[in-house]
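In: no sequence on this one, just coordinates:
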Ligand SMILES: [Cu+2]
């Protein structure tokens, strides 16, 4: 009798240790969130959720109030003060009542990752307008993608040093990007400023873990947490398999 009780304890302790020992450091899954607030009176808002594990990131963005039917460049900006320009920043820098992407750089830094819908995600694709999501008729943008980033980008995201910026707005309210609204873009003179000026911005900060823990609040036992961990791992595994599967599917069949 006593012996079997001891055996249970002996088994339980190592299992508890095992469950508690999450993978350490950069491989540990971390979730971050950014509330995107309007810049340049765009009226655009959104929520971005980012999960980072090692150098793999999953980015989900839901925005509203963007110019319908037009592509919206979106990036991780890293550098500067790791923040979004406040109201009036445009007037402080250049008295034209609008904030260009360059004018925002002291606040949010350079483009480090291009949140494209397919293909390259490096800064080289910063203005690849044909690979950014277009806003729906109601001005909404839904974006979801999992991809690899360089180590320094992953580290900056984890550190809370990344800012998400969505670009593209309609200064003269004519329903399209044109030079009449704000002249040429500071990034590419062939593009209108309307296509590249920042419309929404938010800094990525660690998402509170309370959301998941709250569900287990009543029981006090470690069980529910363990189950949640297991479910999460399974979901990640399924998501990972799906991602690989899609990539393989894209290859030409003949
Ligand atoms: Cu940007």
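Out: Yep, that arrived. Being a predicted model, the structure only gives us computed values, none of them experimental.
In: okay, CA-based contacts and neighbour counts for the rest of this
Out: OK.
In: Excluding chain neighbours, what is closest to residue 172?
Out: Counting by Cα to Cα, 6 or more residues apart in numbering, residue 172 lies nearest to residue 181, which is 4.9 Å off, once chain neighbours are set aside.
In: does the one you found count as helix, strand or coil?
Out: Residue 181 falls in the helix class when you classify it by DSSP: H, G, I helix; E, B strand; the rest coil.
In: Just the residues contacting stretch 187-195, thanks.
Out: With contact meaning Cα atoms under 8 Å, 6 or more residues apart in numbering, stretch 187-195 is reached by 72, 100-102, 167-171, 177-179, 181-186, 196.
In: So what would you say the end-to-end distance of it is?
Out: End-to-end distance of stretch 187-195 (Cα to Cα, to the nearest Å): 10 Å.
In: hang on, isn't residue 28 packed against residue 56?
Out: No: using Cα atoms under 8 Å, residue 28 makes no contact with residue 56, being 11.0 Å away.
In: Would you mind telling me which of these two has the busier surroundings?
Out: Comparing residue 28 with residue 56 by neighbour count (other Cα atoms under 10 Å), the higher total belongs to residue 56, at 17 against 12.
In: count of residues packed around the residue lying closest to that one once chain neighbours are set aside?
Out: For residue 56, ignoring the flanking residues on the chain, the nearest one in space by Cα to Cα, 6+ apart is residue 148 at 4.4 Å. Residue 148 is flanked by 15 other residues according to other Cα under 10 Å.
In: Just want the phi and psi numbers for residue 148.
Out: With angles defined as degrees, to the nearest 10, residue 148 sits at phi -100, psi 140.
In: And the one 3 residues further on, by the same measure?
Out: With angles defined as degrees, to the nearest 10, residue 151 sits at phi -60, psi -40.
In: List the contacts of it.
Out: Shown in contact with residue 151 (Cα under 8 Å, 6+ apart): 54-55.
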